[in-house]
Every structure is written in C-alpha cells, then in structure tokens.
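Visitor: Sequence and predicted structure are below.
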Amino acid sequence: MPPARAQLPFKQVRLESIAERPDQSVADHLKAVSVPDLPEPGPDEMRVRTLLSPVHPCDVLCAAGLVPKRYGAADGSDSDQFVPGIEAVARVEEVGANLAGDFQTGQRVFVCCWAPWGRWDQADGVWSEYLLVRRENVIAVPEDVSDATAAMFMVIPVTAYVMMLEELGLGEGDWLVQNASGSAVGRWVIALAEELGIHTINLVRREEQVEELRAESGAEHVLWCPSDGSRATELQRQIHDIADGARIKGALDAVGDGVFASLMLNTLSRYGTIIVYGVLGGGSFTVPFETTCHIPLECLSIRGFSLQNWWLPDTPDRVKQRIFDAVWKHIRSNEALRPAVAEVFPFERVGDAIRSSLERKTGKILLRPRVE
C-alpha cells in the first residue's frame with residue numbers, strides 16, 4: 001500500500017509538565033501541538049506514520065513522575081517536555097539506505113518506546129503522527145492482524161504471556177489466581193489460560209463485576225475481593241474449595257496494595273510465587289506479621305515484573321523472538337486474545353482520552369493523530 005500524502009504541520013502530543021498525582025489531573029498536563037517540519041530519516045532510520053496507539057495506566061504513572069521518565073525531550077534539549085506514549089502501530093513511509101530491503105514502504109510495523117530488540121537507555125514516545133525509528137524499535141505486523149490489535153501488542157499480550165509461561169512456568173492443569181481480572185491484561189490471562197488448559201481464579205474489586213466478567217470472558221471462577229480486605233477469610237475458603245486440594249502455583253497482582261498479597265500468602269501452595277506487575281491500588285504495600293511468617297515457612301516468593309525496566313533489556317533477542325512469534329500465533333488463531341476497544345480519540349482530545357481511560361472499566365481507549 002503506498003503511503004498517504006504527508007499532512008503538514010503534523011500532530012504530536014506533549015507532556016508539558018509532571019502532574020502531581022496519577023489521576024484525571026494528568027489530562028491538564030498534556031497538550032496536542034502542531035509540528036511544522038517532517039522528520040527526515042538517516043541511513044539507519046525510517047519514518048513511519050502512526051495509525052493507532054493505546055492509553056495505558058503506565059502512561060498516567062509516567063505523566064505523574066511515578067515511573068522513571070527516561071524519555072528524551074520533545075525538542076532535543078534539556079527541557080522536561082517530552083512526547084509520551086508507549087506503543088503504537090504505524091505504517092512505513094520512508095526507509096533509510098541501510099534498512100532498504102529489510103523494510104518496505106507501506107509496510108505496517110509495531111513501534112515501542114522501549115526498544116524490543118537489544119538494550120535501551122532512552123524511551124522515545126509514540127504519540128506523534130510521524131516518528132523516526134530504528135530497526136530495534138519495531139516489529140513487523142502480520143497482515144491478518146488488525147491495527148487495533150497490533151497497537152496493543154507489547155503491554156497486554158506479551159506481558160501476560162511472559163508472566164504466565166516464562167516467569168511462573170504454568171502449564172496444563174496448573175492453578176493461577178489473579179486480581180484486576182477485568183482489566184485488559186486480566187482478560188488476556190483468562191483467554192490464554194483457557195486455551196492452554198490452565199485453571200484461573202479471577203478476583204475483581206467491585207461486586208457488580210463478578211457477573212459482568214463471567215458473561216463477557218467466559219471465566220468460570222470469578223470472586224469479589226473488596227479493596228479493604230474485609231472478605232479475606234471467606235475468599236481463602238472459596239479459593240481452596242474451588243481448587244479442591246490442587247496445588248495453587250502462582251498469583252498475578254496488578255493492584256499492589258498488600259490486600260491481595262496477604263490473601264495469597266495464606267492461600268498459595270508451598271513454593272508458590274506472587275508476581276506484582278502493577279500498582280493500581282495507589283496505596284502502600286503492607287502485609288500483616290502473622291501472614292509474613294508464611295513466606296519462610298512455605299518458601300513463598302513475592303517478586304516484581306517490569307517489561308520495560310528489566311525484561312526487554314535483559315532478555316536475549318533469540319528468546320524474545322520466540323516469544324513474540326508465539327504471541328502473534330495465539331492472537332491470530334484466537335479471537336478472544338484480541339483486546340476490546342472502547343473508543344478512539346484524536347490527539348486533539350488527548351485529555352478526554354486520559355479521563356475516559358481512568359473512568360472506563362472495560363475496553364481500551366486508543367488515540368489516532370487526526371479525526372477520520
């Protein structure tokens with residue numbers, strides 16, 4: 001497909017200053033701007049036009065300074081202003097001399113601000129209509145994968161796949177407990193687990209989500225786990241009854257407030273592992289003393305997972321290639337592994353997109369450069 005004619009000035013989103021809190025106030029710190037000059041690729045670069053990009057919780061945390069910035073300034077100076085955005089799907093418009101033959105004009109590529117290949121030191125945000133990218137920042141997109149699905153490749157599917165299969169080593173017949181089960185990652189975990197014969201017990205923080213998630217995802221076991229921990233004893237009994245004596249091998253924690261970890265330390269089987277991969281709870285991580293005792297007594301582990309901070313830079317490219325290929329294969333063969341889209345906003349309405357992403361409980365919010 002030939003590239004569309006460049007529209008100048010092109011659109012870009014910038015974070016003008018760090019927000020005080022990771023909430024809706026972040027929207028007031030983001031601004032859509034017009035950039036007059038089209039970037040020209042060097043011999044090791046290509047220019048791509050962004051098609052779609054998701055809004056993730058991590059984008060809000062970055063805007064509030066709670067995740068190490070590591071973004072370059074938008075204008076190349078020492079300014080604090082930078083282009084945010086973690087991942088996108090884009091179309092190649094011009095290819096540098098040293099990349100000719102490897103990439104073609106019109107080809108779709110997945111672009112990530114954290115280089116998927118090799119190691120990376122500085123993130124290059126993707127909320128820009130045009131981007132200059134290097135080979136290490138892109139992954140070719142299969143022709144039969146939609147733009148919306150491709151735009152969310154790394155943060156949702158790869159994160160879930162790696163935590164389940166690489167970090168926890170789950171296989172057919174194993175049991176997994178997760179919270180934030182109605183999130184995009186949580187739903188991906190449910191769908192992949194069903195495909196692979198892994199049993200899941202899925203916790204949600206709002207009671208009304210129980211039936212919603214059962215109906216929408218087909219998950220058999222969905223339990224209400226309020227944020228105050230008031231149902232801990234009952235949940236512990238329910239989880240043991242559901243597993244019926246089987247070993248509960250692992251747990252995935254996206255909330256990170258200690259309530260879920262405390263429950264799991266009282267529930268996991270010996271040698272079990274809790275992976276904390278998010279801080280949606282926005283509070284302190286505390287575990288009661290009597291529960292902490294289970295860690296040494298049962299050889300339990302609590303560990304973190306960060307795709308950007310250590311998995312991408314520390315994992316050999318050959319391993320990442322194997323995983324990326326496997327994830328694409330699962331996505332292409334299983335419709336349930338294609339994250340749902342709630343709404344798409346143009347860059348000019350980035351504030352509305354942020355607010356909607358924080359308010360919405362299901363479906364992802366996407367950004368596109370212009371109104372279509």
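Guide: Great, that's in hand. Numbers count the residues shown, from 1 in each chain.

Visitor: quick one: pLDDT of the most centrally placed residue in the chain?
Guide: The centroid of the chain falls nearest to residue 155 when counting by CA atoms, centre = their mean (2.5 Å). At residue 155, the model reports a pLDDT of 96.

Visitor: Please name the nearest non-neighbouring residue to it.
Guide: Nearest non-adjacent residue to residue 155, counting by CB to CB, 6 or more residues apart in numbering: residue 56, 5.3 Å away. Glycine gets a C-beta too; all of them are placed from N, C-alpha and C.

Visitor: Tell me if I'm right that the one you found and residue 151 touch.
Guide: No. Here residue 56 lies out of contact with residue 151, judged by CB atoms under 8 Å, at a distance of 10.9 Å.

Visitor: any idea whether residue 361 is helix, strand or coil?
Guide: coil (DSSP: H, G, I helix; E, B strand; the rest coil).

Visitor: give the contact list for it.
Guide: Listed by CB atoms under 8 Å, 6 or more residues apart in numbering, the contact set of residue 361 reads 182, 206, 209.

Visitor: Now a PyMOL select for only the buried ones of the residues you listed.
Guide: Selection of buried members from those for PyMOL, criterion 16 or more other CB atoms under 10 Å:
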select buried, resi 182+209
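
Visitor: what's the closest of the contacts of residue 361 to residue 365?
Guide: For the contacts of residue 361, the minimum distance to residue 365 (CB to CB) is 15.1 Å, reached by residue 182.

Visitor: Please tell me how far that closest one sits from residue 245.
Guide: Distance, residue 182 to residue 245, by CB to CB, to the nearest Å: 28 Å.

Visitor: tell me the domain ranges of this protein?
Guide: Using automatic domain parsing, the domain parsing of the chain gives 10-152+339-368, 156-308.

Visitor: For residue 330, find the nearest of those domains.
Guide: domain 156-308 (6.5 Å).

Visitor: Compute the first-to-last residue distance for the closest one.
Guide: One end of domain 156-308 to the other measures 13 Å (CA to CA, to the nearest Å).

Visitor: Lowest average pLDDT across the domains of the chain?
Guide: Per-segment mean pLDDT for the domains of the chain reaches its minimum on domain 10-152+339-368, at a mean of 90.

Visitor: Dump the C-alpha coordinates for the biggest helix by length in the chain into CSV.
Guide: For the chain, the helix with the greatest residue count under DSSP state H is helix 317-333. What follows is helix 317-333, C-alpha atoms only, in CSV (Å, rounded to 0.1, in the frame of the first residue of the first chain):
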residue,chain,number,x,y,z
ASP,A,317,16.9,-11.4,21.4
ARG,A,318,16.5,-15.0,20.3
VAL,A,319,14.3,-15.6,23.4
LYS,A,320,12.2,-12.5,22.6
GLN,A,321,11.8,-13.6,19.0
ARG,A,322,10.5,-17.0,20.1
ILE,A,323,8.0,-15.3,22.5
PHE,A,324,6.9,-12.6,20.0
ASP,A,325,6.3,-15.3,17.4
ALA,A,326,4.3,-17.4,19.8
VAL,A,327,2.2,-14.4,20.9
TRP,A,328,1.4,-13.4,17.3
LYS,A,329,0.4,-17.1,16.6
HIS,A,330,-2.0,-17.1,19.6
ILE,A,331,-3.5,-13.7,18.6
ARG,A,332,-4.1,-14.8,15.0
SER,A,333,-5.8,-18.1,16.0
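
Visitor: Name the strands paired with the helix or strand just after it and say parallel or antiparallel.
Guide: Using DSSP states H and E, the next helix or strand after helix 317-333 towards the C-terminus is strand 341-346. The pairing partners recorded for strand 341-346 under DSSP bridges are strand 364-368 (parallel).

Visitor: What's the local residue count around the residue nearest to residue 155?
Guide: Per other CB atoms under 10 Å, the neighbour tally for residue 56 reads 21.

Visitor: swap in the one 4 residues further on?
Guide: If you count neighbours by other CB under 10 Å, residue 60 ends up with 23.

Visitor: now do residue 270
Guide: Per other CB under 10 Å, the neighbour tally for residue 270 reads 10.

Visitor: Now it. Nearest residue, chain neighbours left out?
Guide: Excluding its sequence neighbours, the residue lying closest to residue 270 (CB to CB, 6+ apart) is residue 298, at 4.8 Å.

Visitor: Now do the contacts for the residue nearest to residue 155.
Guide: The contact partners of residue 56, by CB under 8 Å, 6+ apart, come to 86, 155, 357.

Visitor: What ranges does the stretch 1-150 of the chain have for its helices?
Guide: 57-63, 147-151 (DSSP state H, counting those that start in this stretch).

Visitor: Pipe the ones you listed into TSV and attach distance to residue 241 per row.
Guide: Formatted as TSV, these follow (distance: least, CB to CB, whole Å):
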stretch	distance to residue 241
helix 57-63	32
helix 147-151	37
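
Visitor: Would you agree residue 218 is in contact with residue 193?
Guide: No. With contacts counted by CB under 8 Å, residue 218 stays clear of residue 193, the gap being 10.9 Å.

Visitor: who has more neighbours, those two?
Guide: residue 193 (22 against 11).

Visitor: Point me to the helix or strand that includes that one.
Guide: Residue 193 belongs to helix 184-196, assigned by DSSP H and E.

Visitor: which other residues reach that helix?
Guide: The contact list for helix 184-196 (CB under 8 Å, 6+ apart) reads 152, 155-157, 159-161, 164, 170-172, 176, 178-181, 198-200, 202, 213, 216-219, 252, 254, 277, 330, 334, 336-337, 339-340, 364.

Visitor: Check which helices and strands the helix or strand following that helix is in contact with.
Guide: Next in sequence after helix 184-196, counting helices and strands by DSSP H and E, comes strand 199-204. In terms of contacts (3 or more CB pairs under 8 Å, 6 or more residues apart in numbering; DSSP states H and E), strand 199-204 is packed against strand 175-178, helix 184-196, helix 209-217, strand 222-224, helix 232-243.
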